[in-house]
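[1] predicted model and sequence below, questions to follow.
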Number of protein chains: 2
Amino acid sequence: VTVSLVGAGPGDPELITVRGLDRVRRADVLIYDKLVATELAAEAPGLRISREGMTQEKVNSLLVAYGRRDLHVVRLKGGDPFVFGRGGEEALALVDAGIEFEVVPGVSSIAAVPGAANIPVTHRGLATGVVAVTARDRHGNGIDFARFAGMKETLLVFMGLDALPAIAAGLIAHGADAGTPAAVISRGTTPDQETVTAPLGQIASAAEALETPALLVVGDVVEVAQSLTRPRTLATAL
Amino acid sequence: VTVSLVGAGPGDPELITVRGLDRVRRADVLIYDKLVATELAAEAPGLRISREGMTQEKVNSLLVAYGRRDLHVVRLKGGDPFVFGRGGEEALALVDAGIEFEVVPGVSSIAAVPGAANIPVTHRGLATGVVAVTARDRHGNGIDFARFAGMKETLLVFMGLDALPAIAAGLIAHGADAGTPAAVISRGTTPDQETVTAPLGQIASAAEALETPALLVVGDVVEVAQSLTRPRTLATAL
């Protein structure tokens, strides 16, 4: 294998996989995302290249160029390479160039970021599944409001901070209850993590001051966090 | 922290997180799922208890009983504790008993199992998101066919091997194209992994001989695997 597409996990550097860390530690060339923890990038012994400011095409051509020189190239990506990560496009570029590659999955933010805020994305009696999508722009384009309003599954919207007012309004206009529990988790699993919880109708204004990256969670599972954060009975603790 | 709820990942033992492995290696008591790799369970130095055959209530009460004795208890679960893992219920039992706990996320099968079959669950131009649900019984109860037929998002159904005929028929009856690309991945990320690919209308018979655990993937992203498995151009390789 010449190129390893590795998921770094959701932010916390200890949440990379054992195999992923092994690959980083043997990298001749590391090409890493902006959101990857600096501690992780620092584990690579060879050349380190931040992809910040590069187009996807540039990243693909770098992977091919270094891969051709038979170096061990590690492409370290936030989360999992195949979840909103364009890892498929990088893999296709490598296949087209005849370069061997592997994919090392990572902990996706899908479960880890809500989990870090004590929200289980599925929970018996509350949600039997989960839907994860991205907001393409500040109007929430790309989100199928009609389909997602009133779902039994937990709804997660990635990269939707700018679009929060449009997303909440769109869901409510299509029949979602304005009282549906919602949360926004900013910089989940990192020391800067911040969580705001509010009914769907008020979540946009409640989360106004939060920083990117942020994840919107909509569904009854948000209420589990209250029980997990505060002991429900004091009797046994006394 | 007394009890750690740790995600072991999708099957391959090297896909546990660095923190997860650290917790297993310091466990006084390990309570592990049937699907956890034996190599991982073997890393625990103390008492090891398989949960096979135990009710969820029994697991909860064991966690509480050992947690009260101030031992470091590790509950090692397949995938991620908060994705179809009932980790939320275990966490609530610990909170009720006044016992401190942490959640260490794991690589969920949501992306890793399709990824091991070269299927990216999201891919530009093909799928802008992913829906993950479980089939509650062999009739596919719990699956909202009307909502999921003809979705732009990739559909993943966990624990649905017995229900495959009902799921495929249900989706098609609600308007899904019988030609929609589909795949079933059995024992993903392990040495026993097997993948079957067929149009939705034929996936149930194609996957008949597969073993559990198995994951159904429905959507255009299934076709990316063909390009990733076979080089698309030979020119550069010659």
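    Everything's here; your move. Residues are numbered from 1 along each chain as shown, chains lettered A, B, ... in the order given.
[2] mind listing the helices for chain A?
    Taking DSSP state H to define them, one finds helices in chain A at A:18-25, A:38-41, A:56-68, A:87-96, A:109-116, A:145-148, A:164-173, A:203-206, A:224-229.
[3] do the fourth one and chain B meet at all?
    By that I understand helix A:87-96. Yes. Judged by C-beta under 8 Å from any C-beta of the partner chain, helix A:87-96 comes into contact with chain B at A:87-89, A:91-92, A:95-96. For the C-beta atoms, the positions are set from N, CA and C on the backbone; glycine is no exception.
[4] buried ones in that helix?
    The neighbour-count check on helix A:87-96 (16 or more other C-beta atoms under 10 Å in any protein chain shown) flags A:87-96 as buried.
[5] same deal with the last one?
    Along helix A:224-229, the positions that meet the burial threshold by neighbour count (16+ other C-beta under 10 Å) are A:224-225, A:228.
[6] can you give me the distance of residue A:151 to chain B?
    Residue A:151 is 7 Å from chain B, where distance means C-beta to the nearest C-beta, to the nearest Å.
[7] tally of neighbours for that residue?
    Neighbouring residues of residue A:151 were enumerated by other C-beta atoms under 10 Å in any protein chain shown; the total is 19.
[8] point out where chain A drops to low pLDDT.
    A:230-238 (pLDDT under 70).
[9] which of the buried residues of helix A:87-96 lies closest to residue B:177?
    Checking these against residue B:177 by C-beta to C-beta gives residue A:88 as the nearest, at 21.9 Å.
[10] residue A:77 is in contact with the closest one, correct?
    No. If you go by C-beta atoms under 8 Å, residue A:88 and residue A:77 don't touch, sitting 11.6 Å apart.
[11] may I see the buried residues of stretch A:121-137?
    A:121-123, A:126-135.
[12] please apply the same query to stretch A:13-25.
    If you call a residue buried by 16+ other C-beta under 10 Å, then stretch A:13-25 has these buried ones: A:13-21, A:23-24.
[13] now do stretch A:172-192
    For stretch A:172-192, using 16+ other C-beta under 10 Å, the buried residues are A:172, A:176, A:180-190.
[14] stretch A:69-79 now?
    A:71-79.
[15] would you convert these into JSON lines that also reports distance to residue B:45?
    Output for the buried residues of stretch A:69-79, formatted as JSON lines (distance: C-beta to C-beta, whole Å):
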{"residue": "A:71", "distance to residue B:45": "39"}
{"residue": "A:72", "distance to residue B:45": "33"}
{"residue": "A:73", "distance to residue B:45": "37"}
{"residue": "A:74", "distance to residue B:45": "32"}
{"residue": "A:75", "distance to residue B:45": "36"}
{"residue": "A:76", "distance to residue B:45": "31"}
{"residue": "A:77", "distance to residue B:45": "34"}
{"residue": "A:78", "distance to residue B:45": "33"}
{"residue": "A:79", "distance to residue B:45": "32"}
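[16] show me which of these is closest to residue B:201.
    Closest to residue B:201, out of all of these and judged by C-beta to C-beta, is residue A:79, at 33.4 Å.
[17] out of the buried residues of helix A:224-229, which touch chain B?
    Near chain B, by the rule C-beta under 8 Å from any C-beta, you find A:224, A:228 out of the buried residues of helix A:224-229.
[18] verify the stated contact: residue A:102 with residue A:1.
    Yes. Applying C-beta under 8 Å, one finds residue A:102 in contact with residue A:1, separated by 4.7 Å.
[19] from memory residue A:142 sits against residue A:134, does it?
    Yes. Contact criterion C-beta under 8 Å: residue A:142 and residue A:134 qualify, at 6.4 Å.
[20] now the common contact residues for the two.
    residue B:128 (C-beta atoms under 8 Å, 6 or more residues apart in numbering or on different chains).
[21] at the geometric centre of chain A, which residue do we find?
    residue A:109 (3.5 Å; C-alpha atoms, centre = their mean).
[22] picking up where we left off before, restrict the buried residues of stretch A:121-137 to those near chain B?
    A:121-123, A:128-134.
[23] identify the residues contacting residue A:37.
    Here residue A:37 is in contact with A:8, A:11-13, A:190 (criterion: C-beta under 8 Å, 6+ apart).
[24] ok, which pair from those is furthest apart?
    Greatest spacing in the contacts of residue A:37, by C-beta to C-beta: A:8 and A:190 (12.1 Å).
[25] please name the nearest non-neighbouring residue to residue A:88.
    residue B:120 (3.5 Å; C-beta to C-beta, 6 or more residues apart in numbering or on different chains).
[26] give me the distance between that neighbour and residue A:193.
    27 Å (C-beta to C-beta, to the nearest Å).
[27] same question for residue A:70.
    Relative to residue A:193, and taking C-beta to C-beta, residue A:70 is found at 41 Å.
[28] ditto for residue A:10
    10 Å.
[29] these two - which one has more neighbours?
    residue A:10 (27 against 15).
[30] which ones are touching the more buried one?
    A:78-79, A:107-109, A:112-113, A:116, A:188-189, B:105.
[31] change it to 10 Å
    Residue A:10 makes contact with A:35, A:78-80, A:106-113, A:115-116, A:187-190, A:213, A:215, B:105 under the criterion C-beta atoms under 10 Å, 6 or more residues apart in numbering or on different chains.
[32] what's it sitting at in phi/psi?
    phi -80, psi -10 (degrees, to the nearest 10).
[33] so which bits of stretch A:212-220 are buried?
    A:213-219.
[34] as a markdown table, those with distance to chain B would be great.
    Shown next, in a markdown table, are those (distance: C-beta to the nearest C-beta, whole Å):
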| residue | distance to chain B |
| --- | --- |
| A:213 | 16 |
| A:214 | 17 |
| A:215 | 13 |
| A:216 | 13 |
| A:217 | 12 |
| A:218 | 14 |
| A:219 | 13 |
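[35] so which of those belong to strands?
    A:214-218 (DSSP state E).
[36] any idea how many residues pack against the closest residue to residue A:212 other than its chain neighbours?
    Distance criterion C-beta to C-beta, 6+ apart; nearest residue to residue A:212, sequence neighbours excluded, is residue A:161 at 5.3 Å. Each residue near residue A:161 was counted by other C-beta under 10 Å, and the total is 22.
[37] let me see the contact set for residue A:161.
    A:135, A:138, A:167, A:184, A:186, A:204, A:207-208, A:210-216.
[38] I figured residue A:139 hits residue A:166, correct?
    Yes. Under the criterion of C-beta atoms under 10 Å, residue A:139 makes contact with residue A:166 at 4.9 Å.
[39] neighbour-wise, which of the two wins?
    residue A:166 (19 against 14).
[40] grab the nearest non-local neighbour of the more buried one.
    Per C-beta to C-beta, 6+ apart, closest to residue A:166 is residue A:140, 4.1 Å.
[41] again, but for residue A:211
    The nearest residue in space to residue A:211 (C-beta to C-beta, 6+ apart) is residue A:186, at 5.3 Å.
[42] residues making contact with stretch A:51-70?
    A:1-3, A:5, A:28-29, A:31-36, A:47, A:49, A:71-77, A:86, A:89-94, A:96-101, B:124, B:236.
[43] buried sites along it?
    For stretch A:51-70, using 16+ other C-beta under 10 Å, the buried residues are A:51, A:59-60, A:62-64, A:66-67.
[44] as JSON lines, the residues you listed with distance to residue A:146 would be great.
    Shown next, in JSON lines, are the buried residues of stretch A:51-70 (distance: C-beta to C-beta, whole Å):
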{"residue": "A:51", "distance to residue A:146": "36"}
{"residue": "A:59", "distance to residue A:146": "35"}
{"residue": "A:60", "distance to residue A:146": "35"}
{"residue": "A:62", "distance to residue A:146": "41"}
{"residue": "A:63", "distance to residue A:146": "39"}
{"residue": "A:64", "distance to residue A:146": "41"}
{"residue": "A:66", "distance to residue A:146": "45"}
{"residue": "A:67", "distance to residue A:146": "44"}
